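Peer 1: Take a look and give me a structure for this.
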Amino acid sequence: MRTQIFIYCFLLTIITFLIPSYSTHSQDLTVKLIHRDSPHSPLYNHLHTVSDRLNAAFHRSISRSRRFSTKTDLQSGLIANGGEYFMSISIGTPPSKLMAIADTGSDLTWIQCKPCEHCYKQKSPIFDKSHSSTYKTEPCDSKPCNALSKKEEGCDQSRNICKYRYTYADQSFTEGHVATETIYIDSSSGSPVSFPGTVFGCGYNNGGTFDETGSGIIGLGSGPLSLISQLGSSIGKKFSYCLSHTSSSTNGTGVINLGTNSIPSKPSKGSAVLTTPLISKTSNTYYYLNLEAITVGKTKIPYTRGGGGGGGYSLNKTTTGNIIIDSGTTFTLLESGFYDGFGAAVVASVTGAKRASDPQGILTHCFKAGGKAMGLPEITMHFTGADVKLSQINAFVKLSEDIVCLSMIPTTEVAIYGNLVQTDFLVGYDLEAKKVSFQSIDCSGTGS
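Peer 2: Okay, here's the model as predicted:
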């Protein structure tokens, strides 16, 4: 008997030693983000040129704009592998580490799960729910199930299990059970923090154009089922991210910070904290801001459909929340009626260069350097209460040594404030105070 007790205690000690220590205390969390075009990304292809990557990013940006538009169904415009940044979390007991697309335009987090009816090829092991002691399905009449839209929800009535289904524009799809599980997120202290009972989608039927690198999508939107909303008071309803440019020394990495200390609150190295209200809309997944005007050089252009020509009506007076801020869209998309006057002002302000064509035929405002040094105008985005000055690397993308293009494009769908103009800003979301903050900062050291 003593021998059996000794063996049991010895085995328990070994198991305790082998399983990582996970904290449940509320604290600030920091997770590394990797841009899909970064050399650190599993998707990186060294054969792709800058123009190739911008071409692909253009199509992803347009696709997301169609998805966000109220003119279309919620999921109709999304391409399955359209996200820009990967992040890693762990899930289950014992925890399994996985990498998925971080998406501020999605709510429900979903991953591939065994046993599969049909799963796309995935490089890392697929999460096996039968190996986790904390996995639990949600019943059909549960609050999480009712939070899904009618087109997204379903019910396995024989077992009283809530089901979800998303179908994307390229006919990719994911279907599975709505369940709860313990997830773990890295903290600034070094020990992962656990969040038991987190709602997610356990996808057993997934297919289409999903890339084999990712396990699914991590929803960071503002809807009730998003990871951000579920963590809620645990992170003080606050998060921020800092994205470095793909041309920086860190090659397109960054971090997402969760917690009360993640929001910039005071000037840093002379950089002020600028705040603007978050606007509540019927579609509660997305983060809406009010854009009042854009200044190009010394010319301030009201954000009107008339493009500053005097004949248009104001987009910010007739439409509150006229632009979505999104980390998953590369380019900034501006209402086409406004864009004509805005683009003309940019052309008039560029010096030492002549108009040029984008080799891919996509970006409309490109410039090629002449004999003199090219002079690009300073562009300022005037949100309600916040005048955000963009650097040249925010406002323009470099196609080659002598050609640059404006990183903003016209759209007839919803306007989007994309991630190129957000690089090297600490962008904070205070969901309790309902505001977004911007602080200019060098993000190249945050993701190292």
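Peer 1: so where is the stretch 251-400 of the chain shaky, pLDDT-wise?
Peer 2: Applying pLDDT under 70 to the stretch 251-400 of the chain flags residues 251-252, 269, 305-319.
Peer 1: how long is stretch 184-196 end to end?
Peer 2: 9 Å (C-alpha to C-alpha, to the nearest Å).
Peer 1: Next: stretch 359-370.
Peer 2: Counting by C-alpha to C-alpha, the terminal residues of stretch 359-370 are separated by 18 Å.
Peer 1: So for it, what gets flagged as buried?
Peer 2: Using 16 or more other C-beta atoms under 10 Å as the test for burial, stretch 359-370 gives 359, 362-363, 365-367, 369. From N, CA and C alone the C-beta is placed, and that goes for glycine too.
Peer 1: can you check stretch 387-404 too?
Peer 2: Buried-residue list, stretch 387-404, by 16+ other C-beta under 10 Å: 388, 390-391, 393-397, 399, 403-404.
Peer 1: from the middle of its chain, how far away would the longest strand along the chain be?
Peer 2: In terms of residue count, the longest strand belonging to the chain (DSSP state E) is strand 193-207. Distance, stretch centre to chain centre, for strand 193-207: 18 Å (C-alpha atoms, centre = their mean, to the nearest Å).
Peer 1: Can you name the element that comes right after that strand?
Peer 2: Under the assignment DSSP states H and E, the closest C-terminal helix or strand after strand 193-207 is strand 216-219.
Peer 1: Packing partners of whichever helix or strand comes after that next one?
Peer 2: On the C-terminal side of strand 216-219, the closest following helix or strand by DSSP H and E is helix 227-231. Packing contacts for helix 227-231, counted by 3 or more C-beta pairs under 8 Å, 6 or more residues apart in numbering; DSSP states H and E, involve strand 193-207, strand 216-219.
Peer 1: out of the ones you listed, nearest to residue 434?
Peer 2: For those, proximity to residue 434 was assessed by C-beta to C-beta; strand 216-219 is nearest, at 19.5 Å.
Peer 1: can I get the CA coordinates of the closest one in CSV?
Peer 2: C-alpha atoms of strand 216-219 as CSV (Å, rounded to 0.1, in the frame of the first residue of the first chain):
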residue,chain,number,x,y,z
GLY,A,216,-9.2,29.5,-37.6
ILE,A,217,-10.2,33.0,-36.7
ILE,A,218,-9.9,34.9,-33.4
GLY,A,219,-12.8,37.3,-33.1
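Peer 1: neighbouring strands for that strand, and are they parallel or not?
Peer 2: strand 96-103 (parallel), strand 110-114 (antiparallel) (DSSP bridges).
Peer 1: Any chance of those strands in a markdown table with distance to residue 123 and mean pLDDT as columns?
Peer 2: Output for the strands paired with strand 216-219, formatted as a markdown table (distance: least, C-beta to C-beta, whole Å; pLDDT from 0 to 100):
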| stretch | distance to residue 123 | mean pLDDT |
| --- | --- | --- |
| strand 96-103 | 9 | 88 |
| strand 110-114 | 11 | 96 |
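Peer 1: Would you format these as CSV with distance to residue 296 and mean neighbour count included?
Peer 2: Output for the strands paired with strand 216-219, formatted as CSV (distance: least, C-beta to C-beta, whole Å; neighbours: other C-beta atoms under 10 Å):
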stretch, distance to residue 296, mean neighbour count
strand 96-103, 31, 22
strand 110-114, 42, 23
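Peer 1: and residue 352, which of these is closest to it?
Peer 2: Short answer: strand 96-103, nearest of those by C-beta to C-beta, at 39.1 Å.
Peer 1: re the thing from before, could you dump the strands paired with strand 216-219 into a markdown table with distance to residue 193 added?
Peer 2: Formatted as a markdown table, those follow (distance: least, C-beta to C-beta, whole Å):
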| stretch | distance to residue 193 |
| --- | --- |
| strand 96-103 | 14 |
| strand 110-114 | 19 |
